[in-house]
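**Q** this one's sequence-less:
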């Protein structure tokens with residue numbers, strides 16, 4: 001095409017036009033309507049004169065409607081994304097030099113607002129005696145499609161990570177249960193000198209930190225159901241600080257200002273760690289040249305005036321978790337859409353994600369509130385308020401306070417070392433324990449045992465018969481039996497086997513010599 005086509009018009013032909021001129025104008029009007037409907041931008045490059053012409057739709061795609069553009073090809077070439085420039089120009093040069101008549105490309109062009117838009121270009125090469133003399137074609141803006149592709153790829157990454165994380169966590173949690181269990185047994189049953197006891201305590205602490213790391217990996221790779229417990233935000237931040245430093249990198253300084261004697265909140269510790277991780281990732285990407293991330297805690301009272309500003313927030317005592325960065329900052333438009341799924345608040349090139357939407361969802365689900373303070377170039381502060389709750393009473397009773405029993409328990413666990421430890425813990429609390437290494441063997445024990453079996457304690461995912469199917473078959477033989485499932489798998493994996501981690505008869509791995517007897521007694525005593 002040549003110069004810009006006149007704007008579409010449904011009016012009658014102007015007086016004085018010849019029939020041919022009127023027909024031409026009507027044809028141009030229809031073409032303009034078609035281009036608007038198709039949202040296609042046309043261009044024409046004369047390879048002999050090196051002049052380019054662009055349609056109004058082409059200019060509109062780049063925010064240049066009505067602008068007078070240079071006819072030089074550099075107008076288009078200079079808008080190519082630096083990462084696409086060499087690939088595109090090489091493809092164009094090769095196509096013009098060869099016999100091809102068509103060329104299809106995808107690349108990014110710089111918009112008037114300095115962001116880049118993805119374009120799908122279809123080009124037709126016109127030749128004279130084999131020599132390319134003209135290149136003409138159309139653009140379609142496929143930025144939204146590219147965004148959906150990124151979202152799909154991201155979902156695939158999370159799916160793969162979830163599968164990997166679930167499998168690794170299962171095996172790792174078995175090992176951690178053994179480490180923590182025997183550490184506790186030695187610490188409670190043996191009289192060691194002070195140095196040896198200190199060594200054992202360090203082994204136990206390392207196991208507990210590893211357990212926390214496994215939970216963080218599962219939380220990162222799989223959306224877990226909320227399991228709120230009374231906790232201190234200072235402890236959550238302190239335990240997670242090392243991971244945050246590794247996540248942020250050496251060029252981002254991390255500082256914490258934690259209020260002493262901080263009150264408690266009811267929240268899921270794994271999800272709180274996920275909140276910190278998401279905000280830290282967002283802050284890191286907003287500081288590509290480095291900067292500072294600050295985390296602050298405090299007890300605050302939100303009054304009527306504050307709550308009127310944020311509908312849905314109730315006056316009262318809250319625990320504040322403030323996360324601040326020295327990054328780009330956000331304008332009002334970006335803040336208004338900040339917590340929408342797949343919104344990208346980073347500089348051009350960053351991938352949109354669900355991170356901030358997950359933060360918003362968790363805070364709301366926990367009865368809290370999040371506010372944003374930000375200006376372009378001035379960094380961003382996220383202020384999270386969670387309702388303060390009373391500290392739980394001290395329930396530490398030591399070994400003498402743990403529940404006991406005399407019932408018969410059928411234990412099924414395919415890990416030999418973990419099965420021996422679990423049997424030892426239960427026998428130490430007075431129970432009679434029958435054990436098996438897989439479902440088929442356990443079913444045979446249930447068929448042959450002459451007396452009542454009061455409780456089935458079974459792993460969920462095992463070779464052969466899984467725990468849920470085993471429970472059904474054993475219950476058919478012993479109708480009064482109760483079931484306690486134990487597993488280190490993520491909730492999504494468990495649900496495929498008909499087990500919910502939120503149900504009463506479930507104990508996650510790694511468990512301890514305290515948590516196992518308490519859960520066993522709880523299941524046995526329930527009506």
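**A** It's in. Predicted model, so just to flag it, every value in this text is computed and none were measured.
**Q** Report how many residues lie close to residue 377.
**A** Number of residues near residue 377 (other CB atoms under 10 Å) recorded here: 10. Where you see a C-beta, it was placed from the backbone N, CA and C, and this is true even at glycine.
**Q** what helix or strand is it on?
**A** Taking DSSP states H and E as the definition, one finds residue 377 inside no helix or strand.
**Q** How about residue 57?
**A** Going by DSSP H and E, residue 57 is in helix 56-61.
**Q** So which elements touch the helix or strand following that helix?
**A** Using DSSP H and E, the helix or strand that follows helix 56-61 in sequence is helix 74-77. Packing contacts for helix 74-77, counted by 3 or more CB pairs under 8 Å, 6 or more residues apart in numbering; DSSP states H and E, involve no helix or strand.
**Q** Report the distance from helix 74-77 to the chain centre.
**A** In terms of CA atoms, centre = their mean, to the nearest Å, the centre of helix 74-77 is set 39 Å apart from its chain centre.
**Q** Repeat that for stretch 437-457.
**A** Chain-centre distance of stretch 437-457: 41 Å, with CA atoms, centre = their mean.
**Q** I'd like the distance between the closest residue in space to residue 473 that isn't next to it in sequence and residue 478.
**A** Closest residue to residue 473 apart from its sequence neighbours, by CB to CB, 6 or more residues apart in numbering: residue 443 at 5.5 Å. The gap separating residue 443 from residue 478 is 11 Å, by CB to CB, to the nearest Å.
**Q** With residue 145 instead?
**A** 58 Å.
**Q** Between those two, which is the more surrounded one?
**A** Neighbours were counted for residue 145 and for residue 478 using other CB under 10 Å; residue 478 has more, 19 against 13.
**Q** got a list of what the more buried one touches?
**A** 446, 452, 453 (CB atoms under 8 Å, 6 or more residues apart in numbering).
**Q** how about a cut-off of 6 Å?
**A** By CB atoms under 6 Å, 6 or more residues apart in numbering, the residues touching residue 478 are residue 453.
**Q** how close does it sit to residue 516?
**A** 21 Å.
**Q** So which bits of stretch 67-77 are buried?
**A** 73, 76 (16 or more other CB atoms under 10 Å).
**Q** distance between the ends of it?
**A** With CA to CA, to the nearest Å as the measure, stretch 67-77 spans 17 Å from end to end.
**Q** Just give me the neighbour total for the residue nearest to residue 473.
**A** 20.
**Q** Does it touch residue 472 like I think?
**A** No. When contacts are counted by CB atoms under 6 Å, residue 443 is not listed as touching residue 472 (10.4 Å).
**Q** separation between residue 52 and residue 136?
**A** Computed as CB to CB, the residue 52 to residue 136 distance reads 10 Å.
**Q** quick one: the strands in the stretch 151-300 of the chain?
**A** 229-231, 252-258, 264-267, 291-302 (DSSP state E, counting those that start in this stretch).
**Q** Assumed residue 427 was part of a helix.
**A** Yes. Counting by DSSP: H, G, I helix; E, B strand; the rest coil, residue 427 is located in a helix.
**Q** Isn't it up against residue 433?
**A** Yes. With contact defined as CB under 6 Å, residue 427 reaches residue 433; the gap is 5.4 Å.
**Q** and those two? which has more neighbours close in?
**A** Taking neighbours as other CB under 10 Å, residue 427 and residue 433 compare with residue 433 leading, 18 against 13.
**Q** any idea how far residue 140 is from residue 62?
**A** Distance of residue 140 to residue 62, given as CB to CB: 13 Å.
**Q** who's more crowded, the two?
**A** Per other CB under 10 Å, whichever of residue 140 and residue 62 has more neighbours is residue 62, with 23 against 16.
**Q** Report the beta-bridge partner residues of residue 412.
**A** Using DSSP bridges, the bridge partners assigned to residue 412 are residue 436, residue 458.
**Q** residues near it, how many?
**A** Using other CB under 10 Å, residue 412 has 30 neighbouring residues.
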